[in-house]
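**Q** how would this look folded up:
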Amino acid sequence: MSKNQSLLLFTIGPVQSFIAASRKTQDLFTGSMILSEIAGEAIKSVINDNGDIIFPYVSGKGDLDDRMLLASIPNRFLAKVPTEKATWIAQRAEKRLIDKESSTGFIHEMVNMSKGNIDNGEDFKNHPLWNLEWQNQTNAYWEVYWTILDMPDDNITENEYGKYYIDLENYSGCRKTIRNFNPLIQSGIKCGTFLNYSAVFPLNHGKYKNSRDFTKNYLAKKYPGKYKPGESLSSLAIVKREMAERYTKESFPSTVNLANGKFNESVIDKASADEQYHILVSNYLEEYKKLNEKLKTTKSSNYPILLEKAKNDKVLVEFLKTDNQFLFEEFTMPQALEKEYDVKIASDELSGFVSARRELLKAGNEKPSKYYAVFYFDGDKMGEWLSGSTKNNAGKLFRVTPDIHRNISRALREFSINTVPDAVEKRKTGKLVFAGGDDVIAFTTVQALWDIIAEVRLRFGRAMGEVTGNFAPATGSCGIAVAHYGQALQDVLTEARSAEKYAKDKLGRDAFAISIIKHSGERTITGAKFSEEAGYIALIKTFTKAIEEESLSGSFIYQVESEIIPMLDAGGEKNTEEGKAAPKAENIEEIKAVISSIIKFTLKRQTETMPNKNKELTEKLKKDLLKMVMSTKNATGIIELTALLKSAQFLMRGGD
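**A** Down below sits the predicted model:
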């Protein structure tokens, strides 16, 4: 059998560290786009050399010139290439990206473009140490891995393709364990985002003492709003900052604007119906502009659905582009402004703004919020689907060929560029960072979180079901982090990734896990299955609706927990690893019956005294809650349930 076709698996990295190394949400979005564009350049190179792209779905090079399609390109791709040219094709694609010996390639072009924005016309432009640092950091950071596996040219069977794909993934994994050695000597102040790299500045040039001095007296003054005094940035971090305008005309919403989606929506709704309130918004905006003339901040942004809602009202559109940090008194104290912007403003100069803000907040229907959510969604066991290892209920294996793999890629592209944006941005207060293949990263308000993650998971299953003929359920898992807007973004992203791992490893996939990082430093994590039969998200929505409508007291779940925890402790042995009660199997059914009685009694006692009791709603809550309790298999499940409802209540109140 002649072997003149090969599979090429090509990967660009590091991914997570590059995306997550972000002080601003704008840096996060830009990092994602940079990776997509880099991968797109490698794909173009392979297509030019007669490669056939299997994943992601690319109908031609023109797709990679479309910004929307480009944004869905992940950091790895799979292609079928002629065996006699396979190594040459891979090497050409790698050199198109980066040639470390000559410091050329697309990545260096991108870096030089960013560097040119910084040093254009400056006397340190050709300073050797300045240029060398940018070059060395670029060569040391970026990694390109590729793996080639020969296979038959024609008539490859379903059994064969699955085996080839598994072997290719395994070989690629083995290759990545052999790390490239890129020597890099770093000294001086460290970068605030890429912690293993030094902040760059024209060392020994004489004009600037160190990188912080360089940022304060050069970058922050030349680009107010883009750079802030006190930042220390490596060339990698500067590239993310400088490339932002390449990918979007609007800035990405800041964490505080993301936290205040519900507040901003309430402003739009009230101002649209109340002329006097609209005047208050206009007054606030005028005072904000006066303050901003001194601070010279750049325009912020907001959720797409809110910008669309306000698009016919210039005042409201401009309001949505204000920085919501200024809604909080502690941020607009003179000392806080001086620390953040290196600008001295006396208290009396702030009086007009403070008065306008006070009147706006006093007349509003919502209070500003300080918590937002970010989530990672990832398809479960995609390797099994693509290797032909997935079994249905009858025990039959799902078989894959290159054409079937390509069809799955096409379905995932549709999911990424149309389905996910619709679910996240067009229907709810969500903002997408990245959607490519089965991966999604997005921000949401804490109020819209449950609807959005449930919709993304549901639509992913449908997309896979359509292309696989509903051979077996296709599921995904979600990791969520909820945090105060002032929490370091890198920490929040790390927490969301950890929650995703918790959902997959601890909860057994087809699950969501939510980690809440309170401003006090307290952290909690809990989660549950997405399973429609269990209906955890439906229960959460009923529970929070009952509290919002004052059909149920906010103390309900705490009262239930205070009674059942001691009983669970007494009912069995301690689980020392989790620190939770674990009753013996013969006691659990009896315990669940007692807990059900406690829930019934507490609900009855509370709902009788509530001013707006909705019997239909509370009866549904009781039915769903009792069903959930009886379906749990052990005490840990019951404790997780109470923890989940407490987390949902925290989110429902906007983090208060």
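
**Q** quick check: buried residues in the one helix or strand residue 6 maps to?
**A** Following DSSP states H and E, one finds residue 6 within strand 5-13. By neighbour count on 16 or more other Cβ atoms under 10 Å, the buried set for strand 5-13 is 5-13. Quick note: C-beta positions are derived from backbone N, CA and C, even for glycine.

**Q** which residues of this protein score low on pLDDT?
**A** Scanning the chain for pLDDT under 70 picks out 1-3, 153-159, 181, 204-205, 532-534, 569-586, 656.

**Q** so what's the backbone phi/psi at the most centrally placed residue in it?
**A** Nearest residue to the geometric centre of the chain (Cα atoms, centre = their mean): residue 441, 3.4 Å. Here is the backbone geometry of residue 441 (degrees, to the nearest 10): phi -130, psi 130.

**Q** kindly report the same for residue 429.
**A** Backbone geometry at residue 429, expressed as degrees, to the nearest 10, gives phi -80, psi 80.

**Q** cool, the one 3 residues further on as well?
**A** Listed backbone geometry of residue 432 is phi -80, psi 130, with angles given as degrees, to the nearest 10.

**Q** next one: residue 87
**A** phi -60, psi -40.

**Q** next, count neighbours for the residue nearest to it when sequence neighbours are not counted.
**A** Nearest non-adjacent residue to residue 87, counting by Cβ to Cβ, 6 or more residues apart in numbering: residue 148, 6.5 Å away. Number of residues near residue 148 (other Cβ atoms under 10 Å) recorded here: 18.

**Q** next: residue 235.
**A** By other Cβ under 10 Å, 24 other residues sit near residue 235.

**Q** and it, what does it touch?
**A** For residue 235, the contact set (Cβ atoms under 8 Å, 6 or more residues apart in numbering) comprises 111, 114-115, 133-134, 137-138, 197, 200.

**Q** distance of it from residue 335?
**A** 33 Å (Cβ to Cβ, to the nearest Å).

**Q** what do you get for residue 591?
**A** Distance, residue 591 to residue 335, using Cβ to Cβ: 55 Å.

**Q** just residue 123 next, same as before
**A** Taken as Cβ to Cβ, the span from residue 123 to residue 335 is 35 Å.

**Q** buried set for the strand or helix carrying residue 594?
**A** Using DSSP H and E, residue 594 maps to helix 585-607. By 16+ other Cβ under 10 Å, the buried positions in helix 585-607 come out as 588, 591-592, 595-596, 598-599, 602-603, 606-607.

**Q** how about a markdown table for those, with distance to residue 507 added?
**A** What follows is these, written out as a markdown table (distance: Cβ to Cβ, whole Å):
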| residue | distance to residue 507 |
| --- | --- |
| 588 | 19 |
| 591 | 22 |
| 592 | 20 |
| 595 | 21 |
| 596 | 24 |
| 598 | 25 |
| 599 | 23 |
| 602 | 27 |
| 603 | 27 |
| 606 | 30 |
| 607 | 32 |
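
**Q** which member of those is positioned nearest residue 207?
**A** Nearest to residue 207 among the buried residues of helix 585-607 is residue 606, at 68.4 Å by Cβ to Cβ.

**Q** contacts only, for the residue nearest to that closest one when sequence neighbours are not counted.
**A** With Cβ to Cβ, 6+ apart as the criterion, residue 606 has its nearest non-adjacent residue at 4.9 Å, and that residue is residue 553. If you count contacts by Cβ under 8 Å, 6+ apart, residue 553 has them with 547, 606, 609-610.

**Q** which pair in these spans the largest distance?
**A** Using Cβ to Cβ, these span at most 14.2 Å, a distance reached by 547 and 609.

**Q** and the two? which has more neighbours close in?
**A** Taking other Cβ under 10 Å, residue 547 and residue 609 do not tie; residue 547 has more neighbours (21 against 8).

**Q** do I have it right that that one meets residue 651?
**A** No. Residue 547 lies out of contact with residue 651 (Cβ atoms under 8 Å); the separation is 11.4 Å.

**Q** could you chop the chain up by domain?
**A** Using automatic domain parsing, the domain ranges for the chain come out as 5-245, 261-363, 532-656.

**Q** give me the distance between the two termini of the first one.
**A** Right, domain 5-245. End-to-end span of domain 5-245 (Cα to Cα, to the nearest Å): 41 Å.

**Q** distance from the chain centre to that domain, please.
**A** Distance of domain 5-245 from the chain centroid (Cα atoms, centre = their mean, to the nearest Å) equals 20 Å.

**Q** got the contact list for stretch 317-336?
**A** Applying Cβ under 8 Å, 6+ apart, the external contacts of stretch 317-336 come out as 254, 256-257, 259-260, 263-264, 267-268, 281, 284-285, 288, 291, 297, 299-302, 306-307, 310-311, 337, 340, 344-347, 350, 353-354, 357, 361, 368, 370, 485.

**Q** same thing but at 7 Å, please
**A** By Cβ atoms under 7 Å, 6 or more residues apart in numbering, the residues outside stretch 317-336 that reach it are 254, 256-257, 260, 264, 267, 281, 285, 288, 297, 299-302, 306-307, 310-311, 345-347, 350, 354, 357, 368.

**Q** among those residues, which are located in helices?
**A** Counting by DSSP state H, these place 256-257, 264, 267, 281, 285, 288, 306-307, 354, 357 in helices.

**Q** of the residues you listed, buried ones?
**A** Judged by 16+ other Cβ under 10 Å, buried ones among the ones in helices among the contacts of stretch 317-336: 256-257, 264, 267, 281, 285, 288, 306-307, 357.

**Q** determine which two of the residues you listed are furthest apart.
**A** Among those, the pair separated by the greatest distance (Cβ to Cβ) is 307 and 357, at 21.9 Å.

**Q** buried ones in stretch 183-202, by neighbour count?
**A** Residues 190-194, 197-202 are the ones in stretch 183-202 that count as buried (16+ other Cβ under 10 Å).

**Q** typo on my end, stretch 465-472
**A** Those would be 467-468, 471-472, for stretch 465-472 by 16+ other Cβ under 10 Å.

**Q** residues near the residue nearest to residue 368 when sequence neighbours are not counted, how many?
**A** Distance criterion Cβ to Cβ, 6+ apart; nearest residue to residue 368, sequence neighbours excluded, is residue 327 at 4.3 Å. Applying other Cβ under 10 Å, we find 22 residues neighbouring residue 327.

**Q** and the gap between residue 327 and residue 491?
**A** 23 Å.

**Q** now the helices: where do they sit in the stretch 101-250 of the chain?
**A** 106-119, 128-141, 158-177, 211-214, 220-222, 235-242, 244-247 (DSSP state H, counting those that start in this stretch).
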